[in-house]
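Engineer: Need a 3D model of the following:
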Amino acid sequence: MKNYRFFFRIFNIVALALLSGCSVLTEQMNRATETVNATPTPINLPTQLSVQTRVDSQTCQVAELVAIQTDELQGDLMAWSPTGHALAFVQPVNQYSGFYIGDLAVYDAATQVIVFTSKDQAVFGDLTWSPDGNILAYVSLDQTAGVYTVKTVTLANGIEVNIFGDDAATDDFASQKGILSWANEPDLIVTSICGADCVRLYQYNIVSQTLNALQEIRYNENDSLAVMDDLVSPDGYWQISIDNNDNTWITSGGESKIITQPENSSLSANINSQISLVLADTPLQETKFSKDSKYLALRTVEQVIIYQLGCTTE
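Structural biologist: Now for the predicted structure:
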């Protein structure tokens with residue numbers, strides 16, 4: 001019996017020692033996995049812009065929307081309505097991730113809701129509003145035929161019109177299309193590749209729904225798919241600057257001054273004005289101000305971010 005008690009006592013001592021060792025080891029392991037919160041590195045104002053007064057913020061973020069990704073020229077992939085606060089953009093069909101084509105969506109920045117989504121799920125880009133803000137034109141890919149066309153859609157009823165119809169094939173390949181302008185209410189000017197070094201202009205009348213061929217131009221004269229960035233707001237009060245580290249700054253007010261940089265390029269800065277950081281360390285694909293200079297839309301690789309101007313989140 002004494003031997004039994006002796007061994008039982010020894011067993012308890014060993015067990016307690018093992019438990020204590022495990023507890024210490026567990027504590028050490030937990031300590032080893034603890035992380036230290038890093039202090040964000042402050043982003044300095046570029047020297048060329050230091051003539052302006054830096055403030056914490058001049059914008060309020062309204063929305064982050066998912067956009068299609070592309071490494072090709074596809075024209076404007078977002079466009080503000082000429083008559084309100086509606087922004088047209090191209091979103092992935094699954095609203096998560098997609099490349100090159102997607103749905104045409106219209107987001108109302110004032111009400112913060114998507115107010116329209118197209119039936120067409122192969123919208124390529126070059127979004128263009130009619131002057132009255134009722135119709136959108138865009139380039140679309142006919143995935144069955146493998147050629148591009150141009151469509152219009154009336155937002156009130158969702159009716160889509162393929163302006164080329166069965167004549168969308170204008171060369172032996174994909175017949176790339178583009179939208180050149182929509183300056184006059186009835187007349188939409190578009191382009192289509194017609195050969196190795198041939199681009200033909202067309203005039204589409206939105207009322208009669210007739211398409212008329214115009215003159216041919218050289219390929220290098222065609223800028224219909226160029227992205228038109230806004231760096232200054234329509235009222236001239238706001239100005240976008242992007243530094244060498246892909247930081248986006250916004251300036252308000254003041255007197256404009258051109259600053260010449262060592263690499264013989266110029267940077268515009270405003271004297272007696274305020275400047276703040278909008279977006280840090282993020283390459284931009286496109287920038288657009290709303291027509292009343294109240295909102296700013298920035299397109300990154302896979303997002304459209306909308307800001308209201310002249311406010312702060314504080």
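Engineer: Please count neighbours and contacts with C-alpha atoms only from this point.
Structural biologist: Noted.
Engineer: pLDDT weak spots in the stretch 201-314 of the chain?
Structural biologist: 254-272, 313-314 (pLDDT under 70).
Engineer: let's see it at 50
Structural biologist: Low-confidence segments of the stretch 201-314 of the chain (pLDDT under 50): 264-266.
Engineer: Can you show me the strands along it?
Structural biologist: Remark: strands assigned in the stretch 201-314 of the chain by DSSP state E, counting those that start in this stretch are 210-217, 238-242, 248-252, 255-260, 266-271, 274-279, 286-289, 295-299, 303-309.
Engineer: Also the stretch 1-150 of the chain?
Structural biologist: Under DSSP E, counting those that start in this stretch, the stretch 1-150 of the chain gives strands at 53-54, 59-66, 78-80, 86-91, 103-108, 113-117, 123-129, 135-142, 147-154.
Engineer: of all these, which lies closest to residue 188?
Structural biologist: Across the strands of the stretch 1-150 of the chain, residue 188 has its closest neighbour in strand 135-142 (8.5 Å, C-alpha to C-alpha).
Engineer: That closest one - what's its average pLDDT?
Structural biologist: Strand 135-142 comes out with an average pLDDT of 98.
Engineer: list the helices and strands it packs on?
Structural biologist: Counting by 3 or more C-alpha pairs under 8 Å, 6 or more residues apart in numbering; DSSP states H and E, the packing neighbours recorded for strand 135-142 are strand 123-129, strand 147-154, strand 177-181.
Engineer: Give me the sheet partners of the longest one and which way each runs.
Structural biologist: Strand pairing for strand 147-154, using DSSP bridges, gives strand 135-142 (antiparallel), strand 160-162 (antiparallel).
Engineer: Quick check: residue 144 vs residue 307, distance?
Structural biologist: 39 Å (C-alpha to C-alpha, to the nearest Å).
Engineer: When the two are compared, which one has more neighbours?
Structural biologist: Neighbour count, other C-alpha atoms under 10 Å: between residue 144 and residue 307, residue 307 has more, with 21 against 6.
Engineer: ok, and the closest non-adjacent residue to the more buried one?
Structural biologist: Leaving aside its sequence neighbours, residue 307 sits nearest to residue 61 (C-alpha to C-alpha, 6 or more residues apart in numbering; 4.3 Å).
Engineer: Measure how buried the one you found is and give me the count.
Structural biologist: Residue 61: 17 surrounding residues under other C-alpha under 10 Å.
Engineer: Next one, pLDDT for it please.
Structural biologist: 97.
Engineer: isn't it right up against residue 304?
Structural biologist: No: in this structure residue 61 lies outside contact range of residue 304 using C-alpha atoms under 8 Å: 11.1 Å.
Engineer: returning to that earlier point: with distance to residue 248 as added columns, please give the strands of the stretch 1-150 of the chain in TSV.
Structural biologist: Formatted as TSV, the strands of the stretch 1-150 of the chain follow (distance: least, C-alpha to C-alpha, whole Å):
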stretch	distance to residue 248
strand 53-54	13
strand 59-66	12
strand 78-80	18
strand 86-91	20
strand 103-108	23
strand 113-117	26
strand 123-129	24
strand 135-142	28
strand 147-154	33
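Engineer: looking at the ones you listed, which has the lowest confidence?
Structural biologist: Of all the strands of the stretch 1-150 of the chain, strand 53-54 has the smallest average pLDDT, which comes to a mean of 94.
Engineer: Return the list of strands paired to that one, each annotated with direction.
Structural biologist: strand 274-279 (parallel).
Engineer: Tell me what angle the strand it pairs with forms with strand 303-309.
Structural biologist: 160 degrees (axes from the mean of the first three to the mean of the last three C-alpha atoms, to 10 degrees).
Engineer: Would you mind writing the CA trace of strand 274-279 as CSV?
Structural biologist: C-alpha atoms of strand 274-279 as CSV (Å, rounded to 0.1, in the frame of the first residue of the first chain):
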residue,chain,number,x,y,z
GLN,A,274,-6.2,74.2,-50.3
ILE,A,275,-5.0,70.8,-51.1
SER,A,276,-5.8,67.4,-49.7
LEU,A,277,-5.1,63.7,-50.4
VAL,A,278,-7.9,61.8,-52.0
LEU,A,279,-6.5,58.4,-52.8
